[in-house]
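> quick one, structure for this:
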Amino acid sequence: YNTTKYINNTTGTPGTTLSSSAEERPYIGFDIAVSCYPPTNVTVPAGNITTTAATINWTAPSTAPTGGYEYYYGNNAATPSSSTTPSGVTAAGITTKNLTGLVPGTSYNVWVRSVCAANNKSPWTNKIKFNTVLTNDEADNAIPLMVNATTVCTVTKAGVTNGATQSPDQASGCYDDDPIEDVWYSFVATNSWHIIRFSNVTSGRMMGAVYTGSIGSLMYIACTDDLIPDVKDLTVGQTYYIRVYTYPPAVGPIIQTDFNICVSTPPPPPANDNCANAISLTVNSSTTCSVVTSGTTQSATPSPGPY
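Numbers count the residues shown, from 1 in each chain. Next up, the predicted model:
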């Protein structure tokens, strides 16, 4: 019952009181003097993030380090240790750094620490996470998709919504008229009917709002998802735009996800698509269907009345 407990205070500020414990076990506290303090208020303002660059800012501690600062960053990088080699340094008095050569649509973590001397550096700051902007974040930079000649998606395009922003003034008839993050693709119709499919989706459910027209005056024509992937009444040779985003969850934040997208082509309508081309059936002479005729409704279209 006489075990002693120890408390380690690394803030550099001695505690004003020291609590006692039950069962006659005293607390003994140690205050460790800190001579090199980390910077504060590390930020990566959204306005300073592009597809391949981002600017980090921070505030110097009350006692500014004479050796400047070190920073460390990487794609989903793990927390650095005291012996981790920094990504770079800034001179004393410089509290900003522009990171370049980044990958579009990628998550990065960044840390900063003070350098008071070669052998006296502060702890790393808490992790700050940011996402670079995607190249196809807006319709005018939509990524072209190759149209597959059949329903088989032999050609697909990998995509992400990570780092995407909201496109202005592009309301649609999809479930969510105002998604907070979306990316854009385009395709040239080779048929009056195409199928837009999503695959390898890491999380959530993908939506695709399809538009026609020119950049700046696009007009919504259809909504596609994994349940209704078809887009019909297209004009061959015309360019169409697909606004892709994640189906909004009932609760919680919008999910950022990776996915594959493809545009495929259904086969032509069957020969007997219209009443005028009805296929004659052989009448069997008994209840046993010894003579049958195969058929399909794939790619069949509505027949106009009256019938």
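> tell me the spacing between the residue lying closest to Asn141 once chain neighbours are set aside and Val115.
Leaving aside its chain neighbours, Asn141 sits nearest to Thr135 (5.7 Å; criterion: Cβ to Cβ, 6 or more residues apart in numbering). Bear in mind the C-beta positions are built from the backbone N, C-alpha and C, glycine included. Going from Thr135 to Val115 by Cβ to Cβ, to the nearest Å gives 36 Å.
> ok, the two, which is more surrounded?
Neighbour count, other Cβ atoms under 10 Å: between Thr135 and Val115, Val115 has more, with 19 against 15.
> just to revisit the earlier point, the residue nearest to Asn141 contacts Thr51, correct?
Yes - here Thr135 lies in contact with Thr51, judged by Cβ atoms under 8 Å, at a distance of 5.5 Å.
> need the overlap of contacts for these two.
Both Thr135 and Thr51 are in contact with 104-105, where contact means Cβ atoms under 8 Å, 6 or more residues apart in numbering.
> count of neighbours near Gly101?
Gly101 has 6 nearby residues by other Cβ under 10 Å.
> pLDDT score for it?
We have a pLDDT of 96 for Gly101.
> which one is it nearest to, not counting chain neighbours?
In space, and not counting its chain neighbours, Gly101 is closest to Thr52: 6.5 Å by Cβ to Cβ, 6+ apart.
> wait, a helix at the one you found?
No - checked against DSSP: H, G, I helix; E, B strand; the rest coil, Thr52 lies outside a helix; its state is coil.
> separation between it and Ala60?
28 Å.
> repeat for Asp230
According to Cβ to Cβ, Asp230 stands 59 Å off from Ala60.
> so where's the longest strand in this protein?
strand 107-117 (DSSP state E).
> ok, and the helix or strand in this structure with the lowest average confidence?
When each helix and strand of the chain is scored by mean pLDDT, DSSP states H and E, strand 5-9 comes last, with a mean of 49.
> Asp230 and Ala60 - which one has more neighbours?
Of the pair Asp230 and Ala60, Ala60 is the one with more neighbours under other Cβ under 10 Å, namely 17 against 11.
> who touches the more buried one in this structure?
By Cβ under 8 Å, 6+ apart, the contact set of Ala60 is 39, 93, 95.
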